[in-house]
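In: Next comes the sequence, and after it the predicted model I'd like to discuss.
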Amino acid sequence: MEKLVTLNPVAEMQLLAVQTDIAPRPKSLDGLKIGLVWNRKRGGDAVLTRVGEELSKQYKNVSVKLYEGGIPAPTAVLDQAAEESDVVVGSSSD
């Protein structure tokens, strides 16, 4: 009789997960600095650029800056985006 082996395709966590509270949400984006963090996956920069364009159309006096990260995103890039931005949007596009 043949034996059937079933494998679980879910990867195990290599590091402990860190839980944090949800980030506070502003009531409006008017006049805010919005950071767009690209993880360098193909297409993510195009999506983030479009997000920035749409937010600029919908809200007054918005400034948008794209930050080039990686996988994982370098801490220095995340720190810079957090320091220079009121709100940050990230991508994980393929």
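Out: Looks like it came in fine.
In: what bits of this protein have low per-residue confidence?
Out: For the chain, applying pLDDT under 70 flags the ranges 13, 93-94.
In: in it, which spans are helices?
Out: Using DSSP state H, the helices of the chain run over residues 44-58, 75-84.
In: Pipe those into a markdown table and attach mean neighbour count and distance to residue 66 per row.
Out: The way it works is simple: take the backbone N, C-alpha and C, and place the C-beta from them, glycine included. Compiled in a markdown table, these are given as follows (neighbours: other Cβ atoms under 10 Å; distance: least, Cβ to Cβ, whole Å):
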| stretch | mean neighbour count | distance to residue 66 |
| --- | --- | --- |
| helix 44-58 | 14 | 6 |
| helix 75-84 | 13 | 10 |
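In: among those, which is nearest residue 22?
Out: helix 75-84 (15.3 Å; Cβ to Cβ).
In: Identify the spatial nearest neighbour of residue 70, chain neighbours not counted.
Out: residue 40 (5.3 Å; Cβ to Cβ, 6 or more residues apart in numbering).
In: unless I'm mixing things up, that neighbour is touching residue 67, no?
Out: No. Look at residue 40 against residue 67 with Cβ atoms under 8 Å: they stay out of range, at 10.8 Å.
In: more crowded one of these two?
Out: Using other Cβ atoms under 10 Å, the more surrounded residue of residue 40 and residue 67 is residue 67, with 20 against 12.
In: could you dump the helices of the chain to CSV with distance to residue 20?
Out: Shown next, in CSV, are the helices of the chain (distance: least, Cβ to Cβ, whole Å):
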stretch, distance to residue 20
helix 44-58, 23
helix 75-84, 13
